[in-house]
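Peer 1: Sequence and predicted structure below; questions after.
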Amino acid sequence: MGHRFLVHGVVQGVGFRWFVAQHAHRLRLTGWVQNLADGTVEVVAAGDRAALEELERMLGRGPRGAQVERVDKGEVPQELERPNTFVIK
């Protein structure tokens, strides 16, 4: 099971990608996190349902210094190749 999250707000330049990667590793999720040109952060994650729900809650909070306005959740397009671990792009 996997989801794609777009995190909006003040989420770049505040350690957001590192924050996500640390929690994703702890939750044993695979996928990636990356900054997008429009100022959002994209998170693609796969794993069990409970771990994904916990990650979604953490994305809504973010690290210290972040100001998350909203988190949009969608399905992961099948054509996207996912790594066997969780990486920062």
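Peer 2: Received it, and whenever you're ready, just let me know what you need.

Peer 1: check contacts around residue 1.
Peer 2: The contact partners of residue 1, by C-beta atoms under 8 Å, 6 or more residues apart in numbering, come to 46-49, 52. C-beta here means a position set from N, CA and C on the backbone, and glycine is covered the same way.

Peer 1: Select only the buried ones of these in ChimeraX?
Peer 2: A single ChimeraX command is used to select the members of the contacts of residue 1 judged buried by 16 or more other C-beta atoms under 10 Å:
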select :46,47,52
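
Peer 1: Output the below-cut-off pLDDT ranges for the protein.
Peer 2: 77-82 (pLDDT under 70).

Peer 1: name the element the residue nearest to the spatial centre of it belongs to?
Peer 2: Most central in the chain under C-alpha atoms, centre = their mean is residue 43, positioned 3.0 Å from the mean C-alpha point. Assignment of secondary structure by DSSP states H and E places residue 43 within strand 41-46.

Peer 1: got it, and residue 21?
Peer 2: helix 16-26.

Peer 1: CA-only coordinates of that helix in PDB, if you can.
Peer 2: Taking Å, rounded to 0.1, in the frame of the first residue of the first chain, the C-alpha atoms of helix 16-26 are listed here in PDB:
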ATOM      1  CA  PHE A  16      11.500  18.900   6.600                       C
ATOM      2  CA  ARG A  17      13.000  16.300   4.200                       C
ATOM      3  CA  TRP A  18      15.300  15.100   7.000                       C
ATOM      4  CA  PHE A  19      12.400  14.900   9.400                       C
ATOM      5  CA  VAL A  20      10.400  12.900   7.000                       C
ATOM      6  CA  ALA A  21      13.200  10.500   6.200                       C
ATOM      7  CA  GLN A  22      14.000   9.800   9.900                       C
ATOM      8  CA  HIS A  23      10.400   8.900  10.600                       C
ATOM      9  CA  ALA A  24      10.000   6.900   7.400                       C
ATOM     10  CA  HIS A  25      13.000   4.800   8.300                       C
ATOM     11  CA  ARG A  26      11.700   4.300  11.800                       C
END
